[in-house]
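> got a sequence here, can you build the structure:
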Amino acid sequence: MNNPEERWKSEVRAGHRWGREWSEFFTRGLPREFDELEKLWQAAAPLGESDVAIMDQVIALEICHWNLNDGIVALTEAIGTHQPASAGIGHGALSSERWTEIWAYYLGLQHYLWAKPEQDSFSPVLDKIDQDGTVRNKVSVYLGERNEVKELLVQRLLYSLNWITSRFSWNSTWHKAQDAGIKVLEDRIQELGGDMEILKRLKWHEVDGRLQPCSHKLFRRLDIIISSIGAGKWRGSIPFRGTDGLELAQTLDTYLEPVSAWIQDGETVHYQKTEPGSIVLSNLGKPDPAKRFLAKLLLSLLTSQWIAAKLKGEKRSGK
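All right, here's what the predicted structure looks like:
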């Protein structure tokens, strides 16, 4: 999709943005958002090369990103200067520290399965990346005493984390071999009476998005799954919290409200006296047509996900 207009319109309509149909907030909001964005686009088009690059970075950022707040700040600065953010934005933007912690979990699980006193090839690496043993010890405590069901479920979890070590296409021989291995594991787990709810949570449709490296809930999700395997029951150790969506929406408010006021030439004095409002407004600077469109696109795409997070949080918390 090479046409910038087609790209932003497609993203606004997407099922993880305004294309959701399970609430009137989205079915009513989609035409409104399209109308407002279309007017701003007509005033700004055609965008220059740098602004098109910024538009693509705006599209790349989602509410579930582990570094969302910094991403919003970086994008407001990019919009204000008409220069793309130098730091990575979106799914592939991971710090070395985050990758290190991801590998600590992965190797900690491998260590649990395969390490033996006489032949422990995992500890030398873990000693480097998990120097105080925090992750390794957590994995060990969560899993507890070994048994066959636990071992099989840990191996199944490792299959769900295959993105750490593989970049093969879905129809590759590697993936076909993996699918065959998964079937053998799942059949045996069921035969031994393992908790089917844990197994369900390791299926692709449950894992996708939740166990991706860029997800803000990756490590909590891993803790929940690993502790459930150890307890032999889904959420047997870590109870359901149900407030994450509300907390995320509340935090996002502080970033999006000043952007909205800036776009509408509204009252911004309040936001200029608080953070992150003062930073966001300073970054955006003086409005112009391209800035308005890009800021509105950022606001619109994240607002759709803000609404979803808030509605789900209210449902889960009983509010």
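> pLDDT score for residue 122?
According to the prediction, residue 122 has pLDDT 83.
> for it, give me its contacts.
Taking Cβ atoms under 8 Å, 6 or more residues apart in numbering, we find residue 122 in contact with 107, 110, 111, 114, 115. Just so you know, the C-beta spots here come from the backbone N, C-alpha and C atoms, and that holds for glycine as well.
> correct me if wrong: the second one contacts residue 161.
No. With contact taken as Cβ atoms under 8 Å, residue 110 and residue 161 are classed as non-touching, separated by 10.2 Å.
> re earlier: just the contacts of residue 122: which are in helices?
107, 110, 111, 114 (DSSP state H).
> quick one: buried ones out of those residues?
107, 110, 111 (16 or more other Cβ atoms under 10 Å).
> just put those in a markdown table and tack on pLDDT and distance to residue 173.
Listed next are those as a markdown table, based on pLDDT from 0 to 100; distance: Cβ to Cβ, whole Å:
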| residue | pLDDT | distance to residue 173 |
| --- | --- | --- |
| 107 | 93 | 26 |
| 110 | 92 | 23 |
| 111 | 91 | 28 |
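> nearest to residue 135 among the residues you listed?
Within those, the smallest distance to residue 135 is 8.6 Å, found for residue 107 (Cβ to Cβ).
> any idea how far residue 247 is from that closest one?
To residue 247, residue 107 is 31 Å away according to Cβ to Cβ, to the nearest Å.
> helix, strand or coil for residue 224?
helix (DSSP: H, G, I helix; E, B strand; the rest coil).
> what about it, how many residues nearby?
Residues lying near residue 224 (other Cβ atoms under 10 Å) number 23.
> now it: how far from residue 130?
Distance, residue 224 to residue 130, by Cβ to Cβ: 20 Å.
> try residue 265
According to Cβ to Cβ, residue 265 stands 51 Å off from residue 130.
> what of residue 17?
From residue 17 over to residue 130 the distance is 37 Å, taken as Cβ to Cβ.
> try residue 108
Distance of residue 108 to residue 130, computed by Cβ to Cβ: 7 Å.
> okay, and the common contacts of these two?
By Cβ under 8 Å, 6+ apart, the residues touching both residue 108 and residue 130 are residue 136.
> which one's more surrounded, the two?
Ranked by neighbour count (other Cβ under 10 Å), residue 108 and residue 130 place residue 108 first, with 26 against 23.
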